[in-house]
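Chemist: requesting a structural model of the entry that follows:
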Amino acid sequence: MSKLFVVLILKCILDSYNKKEGINMYPLYNSQIQLNEVALNVNHLLQETEFYTKGLGLQILTQSDTEVLLGVGTTPLVRLIQTTIDKSVKESYGLYHLAIHLPTREALGDFLRHAVHTSLLLVGAADHGYSEAIYLEDFEGNGIEVYHDKPVNVWDIREDGRIIGVTEEMAGQEIYELGHDTIPYQMPEGTRMGHVHLSARNSKESMEYLTTLLPVEDKFSVPSGSWIASGDYHHHLAVNQWGGPHLDVRAKNIPGLAYYTVETNDDSVFKDILQKATVLATTIEKRSEKEVDITDNNGITVRVTLNQ
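Modeler: Sure, this is the predicted structure:
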């Protein structure tokens, strides 16, 4: 009997138990998880800090000679960690982009006006059906999405629970005109880490791994990518294989993704994740009774935390 088959049986039993007993949910989209900070190893800590503050509009929450934690208010979003290893972020699997969610369409307009007026280099924009998004990269090439969600009643939600995404032209001028000029620009209260999009060797295998390990399900898939979520959201995580089969497995401390953070507020969900990680034979580093790092075969680490 395969380890994956054993885990799938375990998942069915626990899902049935959770439906009977009830578990703590985050009110936003009835999710069992939420995303917190994304940590990046960087070579140029000062330049990256300037980009994320002056360019992206985040605030410094804590700072040392080797690390900077940035966010909005008391909400951590991005942690920058100094590394001395010289390697391009494009050479290894890991982060495709982190996606920062703004609370309103007007807030996206504020960011777009800031980007235009400060000549911030944008690499794309799109209407995804359920969201409108702007894409850019930081100083070292880490991908970033800044987006807002459209009202749920306009999402393409199918009877089987799938939420279909598209890639169409964004109404850039309309969004720009909704915005206001704010100097200095700062992202508003209510900003959160919306989703994390990963680059992996095989997207189908990674999707199956993530939907086994975490309380998430496949919301939409194509042969080269999957978008997965907990509850009624379009996606908390996504994974693609667009980088091809020959990138390096992510090694510790190399530039790029150090880890992304998944939080649960339910002890049974946290224990369930730990049990599944053990059965899946992934690399597990227990940091405390309420925090554990789990690394997959692409070298991608998810930090799972229990917030109680």
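Chemist: quick one: low-confidence parts of the protein?
Modeler: The model of the chain has pLDDT under 70 over residues 1-22.
Chemist: try 80 this time
Modeler: 1-24, 281 (pLDDT under 80).
Chemist: for the residue positioned nearest the centre of it, which non-adjacent residue is spatially closest?
Modeler: Per Cα atoms, centre = their mean, the C-alpha nearest to the average position across the chain is that of Val196, at 1.8 Å. Spatial nearest neighbour of Val196, excluding adjacent residues (Cβ to Cβ, 6 or more residues apart in numbering): Tyr260 at 4.6 Å. C-beta coordinates here come from the backbone N, C-alpha and C atoms, glycine included.
Chemist: so who does Thr49 touch?
Modeler: Contacts for Thr49 (Cβ atoms under 8 Å, 6 or more residues apart in numbering) come out as 60, 63, 68, 70, 80.
Chemist: coming back round to it: can I assume the residue nearest to Val196 sits in a strand?
Modeler: Yes - looking at Tyr260 with DSSP: H, G, I helix; E, B strand; the rest coil, it is inside a strand.
Chemist: quick one: contacts of whichever strand or helix holds the residue nearest to the centre of the chain?
Modeler: For Val196, the element it lies in under DSSP states H and E is strand 192-199. When contacts are defined by Cβ under 8 Å, 6+ apart, strand 192-199 is touched by residues 34-38, 75, 77, 93-101, 143, 145, 147, 149, 206, 235-243, 247, 257, 260-261, 298, 300.
Chemist: tell me how many other residues crowd Arg250.
Modeler: Counted with other Cβ atoms under 10 Å, the neighbours of Arg250 add up to 24.
Chemist: isn't it right up against Tyr260?
Modeler: No - in this structure Arg250 lies outside contact range of Tyr260 using Cβ atoms under 8 Å: 12.0 Å.
Chemist: what sits in contact with each of these two?
Modeler: With Cβ under 8 Å, 6+ apart as the test, Arg250 and Tyr260 both reach Thr301.
Chemist: residue boundaries of the helices in the stretch 51-200 of the chain?
Modeler: Using DSSP state H, counting those that start in this stretch, the helices of the stretch 51-200 of the chain run over residues 105-117, 172-178.
Chemist: and the shortest one, which residues are buried?
Modeler: Along helix 172-178, these residues count as buried under the neighbour rule (16 or more other Cβ atoms under 10 Å): 172, 175, 178.
Chemist: and what of the longest one?
Modeler: Under the neighbour-count criterion of 16+ other Cβ under 10 Å, helix 105-117 has 105, 107-115 buried.
Chemist: quick one, phi/psi of Thr212?
Modeler: phi -80, psi -40 (degrees, to the nearest 10).
Chemist: test my guess that Glu169 contacts Ala126.
Modeler: Yes - taking contacts as Cβ under 8 Å, Glu169 lies within contact range of Ala126: 7.4 Å.
Chemist: settle it for me: which of those two has more neighbours?
Modeler: Counted by other Cβ under 10 Å, Glu169 and Ala126 do not tie: Ala126 has more neighbours, with 18 against 8.
Chemist: tally of neighbours for the closest residue to Leu237 other than its chain neighbours?
Modeler: Nearest non-adjacent residue to Leu237, counting by Cβ to Cβ, 6+ apart: Ile228, 5.2 Å away. Neighbour count for Ile228, taken as other Cβ under 10 Å: 23.
Chemist: okay, and Ile228 sits in which element?
Modeler: strand 225-229.
Chemist: neighbouring strands - and their directions - for that strand?
Modeler: strand 217-222 (antiparallel), strand 237-240 (antiparallel) (DSSP bridges).
Chemist: now these as TSV including distance to Tyr29 and mean neighbour count?
Modeler: Shown next, in TSV, are these (distance: least, Cβ to Cβ, whole Å; neighbours: other Cβ atoms under 10 Å):
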stretch	distance to Tyr29	mean neighbour count
strand 217-222	11	17
strand 237-240	14	24
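Chemist: can you put those strands in a markdown table and add distance to Val292?
Modeler: Formatted as a markdown table, the strands paired with strand 225-229 follow (distance: least, Cβ to Cβ, whole Å):
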| stretch | distance to Val292 |
| --- | --- |
| strand 217-222 | 22 |
| strand 237-240 | 17 |
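Chemist: so which of those strands comes closest to Glu48?
Modeler: strand 237-240 (23.5 Å; Cβ to Cβ).
Chemist: could I have the CA atoms of that closest one written out in CSV?
Modeler: Output of strand 237-240 as CSV, limited to C-alpha atoms (Å, rounded to 0.1, in the frame of the first residue of the first chain):
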residue,chain,number,x,y,z
LEU,A,237,-1.8,28.6,-3.5
ALA,A,238,-0.9,28.0,-7.2
VAL,A,239,1.8,25.9,-8.8
ASN,A,240,3.1,25.8,-12.3
